[in-house]
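S.K.: A predicted structure for the sequence below; I have some questions about it.
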Amino acid sequence: MTTVPRFLAACRKQPVDATPVWFMRQAGRYLPEYRAVRARHGILEICKRPELAAEITATAAERLGVDAAIIFADLLLPVEPMGMKLRFATGEGPLLESPLRDPAAMARLRTDGAGELTFVAEAIRRVNAHFGGRVPVIGFAGAPFTLASYMIEGGGSRHYLHTKSLLYTEPELWNALMEKLCAVLEPYLLSQVDAGAEAIMLFDSWVGCLPLEDYRRSVLPFSRRLVQAVQVRGVPVIHFGTGTAHLLAAMDEAGAEVLGVDWRLPLGQAWGRVGFRPAIQGNLDPVALFAPLPELRRRVDEVLAEAAGRPGHIFNLGHGILPDTPVENVRAVVEMVHEYSAVRREAS
Ligand code: CP3
């Protein structure tokens, strides 16, 4: 008999033996193994060398004992084959040269370059070879809005002034840009599925900056298209954003199997806003990982109590692990989640 890994069962709201747990950014800078590789290679170089990306992905998942491994890559990778120049400045995150600010530059964006990102698919194949089905691999991409925000602002942003101005004042240009992003992201995501990704995560990390009606009109249709393209292949989708309490019901209309939520609402309330339809992923505050163990345990238990034993909870943070997070606390959370769910099951 083959058993479905608990992470995949939970994506489908099927019963599990214990709540599955993994962490966004689980392979990042807080891990000494990552820093050791990173001391010798740039972040883009690691992404483009499947043997390095696969090693980092697998090492982090093994070390933590988590139920899923997100492939080591970056949200910004697709901008290069679209014709933009990308670099990572130390401590500053991604920077794009010549941000997209005029119609001519948008018209020049290429949409035929997804095939230049095959190193991600190759890294997925290698991680799968390592785990042999024991730990499912999650592929991912940025959702069109979040990717567009980096392309237009040229990096991270506080107010998304240029992005939102384009969306508010040039709807046709905005839609054309979303179309172009979908044309690249769809084959990119499907190449990850073909390589063996057993779930796909769509990161709309910064979409919470939009008012509800603009989200619905100018973003949701494009995210929905990508969700559906993946679902046709029988692979579940995790749809995530931060600061999205006001958008959850609208995001749910994209139809992903799993909704990823940040820590701002109690998990039960966030889940209630979508009528408990999808599975839910979240939502411990990443800063809780810096707390002494008793406080950390209290907060982990609280998230689990909010899920109330309903099928379809995947334990995660409300956003990525922060640099300097104590590794032993991350491991402790994995144990707490697995133990707690086992105790609950015995009690019920
Ligand atoms: O285990 C994992 O999750 C690692 C794989 C991964 C990375 N980036 C590697 C990375 C994933 C899933 C991402 C996604 C990503 N990248 C997102 C969406 C997730 C989110 O946080 O909302 C976003 C917005 C980006 C863009 C990006 N890349 C930023 C903002 C930064 C800087 C972060 C910082 O803290 O400085 C990066 C760089 C980056 N990508 C790092 C890693 C491990 C750290 C930089 C380094 O090693 O020098």
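M.R.: That came in fine, so what should we check first?

S.K.: identify the residue spatially nearest to residue 286, adjacent ones excluded.
M.R.: Distances taken as Cβ to Cβ, 6 or more residues apart in numbering place residue 317 nearest to residue 286, at 4.7 Å, with adjacent residues excluded. Yep, even glycine has a C-beta here, placed from its N, CA and C like the rest.

S.K.: test my guess that that neighbour contacts residue 22.
M.R.: No. Under the criterion of Cβ atoms under 8 Å, residue 317 makes no contact with residue 22, lying 9.6 Å away.

S.K.: what touches both of these two?
M.R.: Shared contacts of residue 317 and residue 22 (Cβ atoms under 8 Å, 6 or more residues apart in numbering): none.

S.K.: between these two, which has more neighbouring residues?
M.R.: Ranked by neighbour count (other Cβ atoms under 10 Å), residue 317 and residue 22 place residue 317 first, with 29 against 23.

S.K.: need the contact list for the more buried one.
M.R.: For residue 317, the contact set (Cβ under 8 Å, 6+ apart) comprises 23, 24, 263, 282, 283, 284, 285, 286, 289.

S.K.: could I get the helix or strand encompassing residue 179 in PDB with only the CA atoms?
M.R.: Using DSSP states H and E, residue 179 falls within helix 171-194. What follows is helix 171-194, C-alpha atoms only, in PDB (Å, rounded to 0.1, in the frame of the first residue of the first chain):
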ATOM      1  CA  PRO A 171      -5.800  49.800 -17.300                       C
ATOM      2  CA  GLU A 172      -5.100  48.600 -20.900                       C
ATOM      3  CA  LEU A 173      -1.400  48.800 -20.400                       C
ATOM      4  CA  TRP A 174      -1.700  47.100 -17.000                       C
ATOM      5  CA  ASN A 175      -3.800  44.300 -18.600                       C
ATOM      6  CA  ALA A 176      -1.300  43.900 -21.400                       C
ATOM      7  CA  LEU A 177       1.600  43.600 -18.800                       C
ATOM      8  CA  MET A 178      -0.400  41.000 -16.800                       C
ATOM      9  CA  GLU A 179      -1.000  39.000 -20.100                       C
ATOM     10  CA  LYS A 180       2.700  39.000 -20.800                       C
ATOM     11  CA  LEU A 181       3.500  37.800 -17.300                       C
ATOM     12  CA  CYS A 182       1.000  35.000 -17.600                       C
ATOM     13  CA  ALA A 183       2.500  34.000 -21.000                       C
ATOM     14  CA  VAL A 184       5.800  33.400 -19.200                       C
ATOM     15  CA  LEU A 185       4.700  32.100 -15.900                       C
ATOM     16  CA  GLU A 186       2.300  29.500 -17.200                       C
ATOM     17  CA  PRO A 187       4.900  27.500 -19.100                       C
ATOM     18  CA  TYR A 188       7.400  28.100 -16.300                       C
ATOM     19  CA  LEU A 189       5.100  26.600 -13.700                       C
ATOM     20  CA  LEU A 190       4.100  23.700 -16.000                       C
ATOM     21  CA  SER A 191       7.800  22.900 -16.600                       C
ATOM     22  CA  GLN A 192       8.100  22.600 -12.800                       C
ATOM     23  CA  VAL A 193       5.100  20.200 -12.700                       C
ATOM     24  CA  ASP A 194       6.600  18.200 -15.500                       C
END
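
S.K.: ok, the closest residue to residue 130 other than its chain neighbours - how many residues close by?
M.R.: Closest residue to residue 130 apart from its sequence neighbours, by Cβ to Cβ, 6+ apart: residue 58 at 4.6 Å. Applying other Cβ under 10 Å, we find 22 residues neighbouring residue 58.
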